[in-house]
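Engineer: Give me a model of this one.
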Amino acid sequence: PLQVADGLPFGEKFFHNVCSSKISPSIPSRIIFYLAVLVTTLLYHNIIITTLIFATVISNNFTASAINDLGFLSMSLRACVVFMPLTCALWLKKRISRKFILVSIILSPLVAILGALFKFPFEPLYLGMSISIICCVIGAVLV
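Structural biologist: Residues are numbered from 1 along each chain as shown. Sure thing, here's the model as predicted:
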């Protein structure tokens, strides 16, 4: 939690300063504060879940839209550039050539973009990931 100068968490100090004079002494202020935090947290979770459900309904109803296609293309570009090269760079530190990881980072999104432009019958993600895996395997074999 946020800390203020006197060491109390921000929420408790705010609650104490603003609300303590308005609450009867018979009700413990800490319980009211934690109830308010609980209600706020549940509200935020409901907003997030409602937004996710709404986004799912929209994306299922508008499957042929350009925005949806560009969203999937952007996810595939991120997956091509990050997943295999980063995995190999982290787990195969000195067993893979850095040059081939760089080639994988550059070549796989380009191939994924070309796959999207030429409308291949399969997702560009698979094409980009295959190129990424091939580059990383060659880099591991040649070291």
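
Engineer: secondary structure element for the residue nearest in space to the middle of the chain?
Structural biologist: Most central in the chain under C-alpha atoms, centre = their mean is M75, positioned 10.6 Å from the mean C-alpha point. According to DSSP states H and E, M75 maps onto helix 66-91.

Engineer: Now do the SS call for L127.
Structural biologist: Assigned state for L127: helix (three-state reduction, DSSP: H, G, I helix; E, B strand; the rest coil).

Engineer: Can you show me the helices along this structure?
Structural biologist: Using DSSP state H, the helices found in the chain span residues 10-19, 29-61, 66-91, 98-117, 124-141.

Engineer: Same list, those, but as a markdown table with mean pLDDT please.
Structural biologist: Shown next, in a markdown table, are those (pLDDT from 0 to 100):
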| stretch | mean pLDDT |
| --- | --- |
| helix 10-19 | 54 |
| helix 29-61 | 76 |
| helix 66-91 | 78 |
| helix 98-117 | 89 |
| helix 124-141 | 90 |
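
Engineer: Go through the helix holding M75 and flag the buried ones.
Structural biologist: 73, 76-77, 79-81, 83-85, 88 (16 or more other C-beta atoms under 10 Å). (C-beta placed from N, C-alpha, C; glycine too.)

Engineer: Mind listing what's buried along stretch 131-143?
Structural biologist: For stretch 131-143, the neighbour count (16+ other C-beta under 10 Å) marks 131-136, 139 as buried.

Engineer: got the residues you listed as a markdown table, with distance to L114 columns?
Structural biologist: Formatted as a markdown table, the buried residues of stretch 131-143 follow (distance: C-beta to C-beta, whole Å):
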| residue | distance to L114 |
| --- | --- |
| I131 | 10 |
| S132 | 14 |
| I133 | 17 |
| I134 | 15 |
| C135 | 16 |
| C136 | 20 |
| G139 | 22 |
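
Engineer: what residues are up against the closest residue to V103 other than its chain neighbours?
Structural biologist: Closest residue to V103 apart from its sequence neighbours, by C-beta to C-beta, 6 or more residues apart in numbering: C135 at 5.1 Å. Residues in contact with C135 (C-beta atoms under 8 Å, 6 or more residues apart in numbering) are 100-101, 103-104, 107-108.
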